[in-house]
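Asks: here is my input, please return the structure:
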Amino acid sequence: MHRCLEIPELVGLVCHYLRTSPDFDIDDLFGPCVVHALELLWETVALLNLFRCLPSDAFEVHKVDGGDRTTYRMQLLRPLQKSDFERVLLHAAHVRCLFSDPEVADLSSIFSAASPLLSESGVFPNLQSLYWMHAAEGFEYNESFLVPQLTEIFINKISPTALTLLPGIASRCRGLAYITLFPRGEAGLRELSGRVISNCVCSWHAIKSLSVEIVDDVAFEHIARCPDLRYLQLCGLPSTFPSSNNEVAFPMLQSLHLCTEIEAVARLLEWAGGISLVKFVAECPEWPTADEVHRLFAAAEKGISHTTLKHFFFHNGHNTAHVATHLILSSSLRRLFCFTNSTLVSIFSAGGVDLDDTTVTDMARSWPYIQLLDFPSFYGAPAPRAALQCLHAFPKYCHHLTKLCISFNHPAVPDILASHAGWKDVESLIIVQYVVSPIYQRESQSDSDVLETHATKRQAGAPGKYQRAGDL
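Replies: Residues are numbered from 1 along each chain as shown. Okay, here's the model as predicted:
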């Protein structure tokens, strides 16, 4: 054996490389490579595969075809003995990330038999992440994997049983840093879950990522002062926010994802003032009015650092009853032009965005690093007033653009990339999607035919693609 293979770091790099090969087989390895390969193979594992290390005469696995999803059911054939777990314990020592989902593997018959042994100290010495998809039935068996060194936990299904046992997780795993607890919640348990989750959150002081449905004002103040928090997702906000006391809120927060009423999102940004976000996502359940959107965008201008933000998403729910009243005004959009390092902007609105040529030109000038500009909409009576001439602003100012989705006051996009030399510099452009504004007035059939012909030729022959989203 070459002396290089006696260096653990080099062996680890070799095994990491081989792991990506479709022909990788642990039987082809030897000596010290086997140890590293085993660590890689068992680093992330489903609980079903760990239980498959039991003696073959102790269980059988049935495949249940559920149409869109296939489920595996593990059935015990005889009582388990302690000696049956020798291989399970051997490989459990390598596991760093463990996950179990009853919709993928039904392990209910084996949990009660295996739980006592797996709960013994030292069975999972390296376990750091636990993804537990159980709700009521089987939720309590996660206690076997709540080791003190756990830093990440993902529990996405809520139930009264889960809420009852949640405080135990908080007390046993004080070092949790990456936490996802019932991110979408359940209407009937919202008040109870908010109270229980809030109490747990206050006991964690090393949080780096938190995704929960809702927290109370005490827990919110706690996470606002967490020095290492980088990611936050909430589906509800408290009615009041804490006083500043000259402390900076969310000092290290980079990504904020809010799924709640637009008024609450605006209040938060107005309160925070200057968060150094890189990514901001607001998903509002109802169609907001133009005034509500203007307040939100103005709050974003005030509450988010102008130099750090790169991704801005604003999407809302579906209620087409009053589409025409929900047009986003160009004056509101201009509030976002201060984020000069933006690379991705996606704004979805029922009534669309009121884009005139001047606004489009100023937008392109304000966002020179933009890569994806997406304005999907369900247009009603109001619609963009931008004409095709405004397209010339993008090759002039936006040399990194890869996707443009916008609406024009025209029936088709002509061969403007060929007619304007500047577009040749935008080599990154992959796709242009467009919709025809409902206020378009057809000037002549011949002009329309020419435009359609140019667009068709360009779609067939150029690396950039043109997709027509439809005449609305």
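Asks: run a quick neighbour tally on residue 151.
Replies: By the criterion of other Cβ atoms under 10 Å, residue 151 has 16 neighbours. (C-beta placed from N, C-alpha, C; glycine too.)
Asks: can you check the pLDDT for it?
Replies: Residue 151 is assigned a predicted lDDT (pLDDT) of 96.
Asks: now the spatially most central residue of the chain, which residues is it bridged with?
Replies: Nearest to the mean C-alpha position of the chain, counting by Cα atoms, centre = their mean, stands residue 257 at 8.6 Å. Note on residue 257: beta-bridge partners residue 233, residue 281, judged by DSSP bridges.
Asks: my guess is it contacts residue 233, does it?
Replies: Yes - if you go by Cβ atoms under 8 Å, residue 257 and residue 233 touch, sitting 4.0 Å apart.
Asks: find the residues that touch each one of these two.
Replies: The contact sets of residue 257 and residue 233 overlap at residue 211 (Cβ atoms under 8 Å, 6 or more residues apart in numbering).
Asks: got the contact list for residue 316?
Replies: Going by Cβ under 8 Å, 6+ apart, residue 316 touches 262, 283-288, 348-350.
Asks: highest neighbour count among those residues?
Replies: Ranking the contacts of residue 316 using other Cβ under 10 Å puts residue 288 first, with 25 neighbours.
Asks: low pLDDT regions in this protein?
Replies: 1-38, 136, 184-188, 244-246, 317-325, 377-384, 388, 408-472 (pLDDT under 70).
Asks: switch to 50 and redo it
Replies: Applying pLDDT under 50 to the chain flags the ranges 1, 320-321, 381, 412, 417-418, 421, 439-472.
Asks: how does it divide into domains?
Replies: 1-41, 43-147, 355-472 (automatic domain parsing).
Asks: ok, residue 265 touching residue 281?
Replies: No - at 10.0 Å, residue 265 does not count as touching residue 281 under the criterion of Cβ under 8 Å.
Asks: neighbour count winner among those two?
Replies: For residue 265 versus residue 281, neighbours defined as other Cβ under 10 Å are more numerous around residue 265 (27 against 17).
Asks: which residues touch stretch 197-206?
Replies: Residues from elsewhere that reach stretch 197-206, judged by Cβ under 8 Å, 6+ apart: 166-167, 169-171, 174-177, 179, 181-182, 207, 210, 212-216, 218-219, 222-223, 226, 228.
Asks: give the buried residues for it.
Replies: By neighbour count with 16 or more other Cβ atoms under 10 Å, stretch 197-206 contains the buried residues 197-202, 204.
Asks: of the residues you listed, which is the nearest to residue 407?
Replies: Using Cβ to Cβ, residue 197 comes nearest to residue 407 of the buried residues of stretch 197-206, at 41.6 Å.
Asks: distance of the closest one relative to residue 48?
Replies: Per Cβ to Cβ, to the nearest Å, residue 197 is found 29 Å from residue 48.
Asks: before we move on, what about residue 128?
Replies: Relative to residue 48, and taking Cβ to Cβ, residue 128 is found at 20 Å.
Asks: which strands or helices does whichever strand or helix holds residue 265 pack on?
Replies: Per DSSP states H and E: residue 265 is located in helix 262-272. Applying 3 or more Cβ pairs under 8 Å, 6 or more residues apart in numbering; DSSP states H and E, we find helix 262-272 packed against strand 255-259, strand 279-284, helix 290-303.
Asks: these two touch, right, residue 345 and residue 371?
Replies: No - between residue 345 and residue 371 there is no contact under Cβ under 8 Å: 9.5 Å.
Asks: the more surrounded of these two?
Replies: More neighbours surround residue 345 than the other of residue 345 and residue 371, with 22 against 19 (other Cβ under 10 Å).
Asks: just to be sure, the more buried one is in a strand?
Replies: Yes - counting by DSSP: H, G, I helix; E, B strand; the rest coil, residue 345 falls inside a strand.
Asks: for the spatially closest residue to it that is not a sequence neighbour, helix, strand, or coil?
Replies: Leaving out its chain neighbours, the residue that sits closest to residue 345 by Cβ to Cβ, 6 or more residues apart in numbering is residue 312, at 5.0 Å. Counting by three-state DSSP, the backbone at residue 312 sits in strand.
Asks: surely residue 312 and residue 338 touch.
Replies: No - using Cβ under 8 Å, residue 312 makes no contact with residue 338, being 11.1 Å away.
Asks: more neighbours: which of those two?
Replies: More neighbours surround residue 312 than the other of residue 312 and residue 338, with 21 against 16 (other Cβ under 10 Å).
Asks: gap between the more buried one and residue 200?
Replies: As defined by Cβ to Cβ, residue 312 lies at a distance of 31 Å from residue 200.
Asks: with residue 153 instead?
Replies: As judged by Cβ to Cβ, residue 153 and residue 200 stand 11 Å apart.
Asks: hey, what's in contact with both of those two?
Replies: 169, 181.
Asks: what sits closest to residue 137 if chain neighbours are left out?
Replies: Leaving out its chain neighbours, the residue that sits closest to residue 137 by Cβ to Cβ, 6+ apart is residue 108, at 6.5 Å.
Asks: how many residues are close by that neighbour?
Replies: Residue 108 sits with 15 neighbouring residues when counted by other Cβ under 10 Å.
Asks: wait, what's in contact with it?
Replies: Counting by Cβ under 8 Å, 6+ apart, residue 108 touches 102, 137-138.
Asks: what do you get for residue 107?
Replies: Residue 107 makes contact with 47-48, 51, 74, 100, 138, according to Cβ under 8 Å, 6+ apart.
Asks: by neighbour count, which of the residues you listed wins?
Replies: Among the contacts of residue 107, residue 47 has the most neighbours (other Cβ under 10 Å), with 26 neighbours.
Asks: for the residue lying closest to that one once chain neighbours are set aside, list each beta-bridge partner.
Replies: Closest residue in space to residue 47, ignoring its immediate chain neighbours: residue 100 at 4.0 Å, by Cβ to Cβ, 6+ apart. Counting by DSSP bridges, residue 100 forms beta bridges with residue 132.
Asks: wait, residue 100 touches residue 132, no?
Replies: Yes - applying Cβ under 8 Å, one finds residue 100 in contact with residue 132, separated by 6.1 Å.
Asks: for residue 119, which non-adjacent residue is closest in space?
Replies: Residue 119 sits nearest to residue 144 (Cβ to Cβ, 6+ apart), 4.6 Å away.
Asks: count of neighbours near residue 248?
Replies: By other Cβ under 10 Å, the residues close to residue 248 number 14.
Asks: tell me which element it is part of?
Replies: Using DSSP H and E, residue 248 falls within no helix or strand.
Asks: grab the nearest non-local neighbour of it.
Replies: Using Cβ to Cβ, 6+ apart and skipping the chain neighbours, the partner closest in space to residue 248 is residue 274 (7.9 Å).
Asks: correct me if wrong: that neighbour contacts residue 303.
Replies: Yes - the pair residue 274 and residue 303 passes the contact test of Cβ under 8 Å, sitting 6.9 Å apart.
Asks: looking at these two, which is more packed in?
Replies: Neighbour count, other Cβ under 10 Å: between residue 274 and residue 303, residue 303 has more, with 23 against 14.
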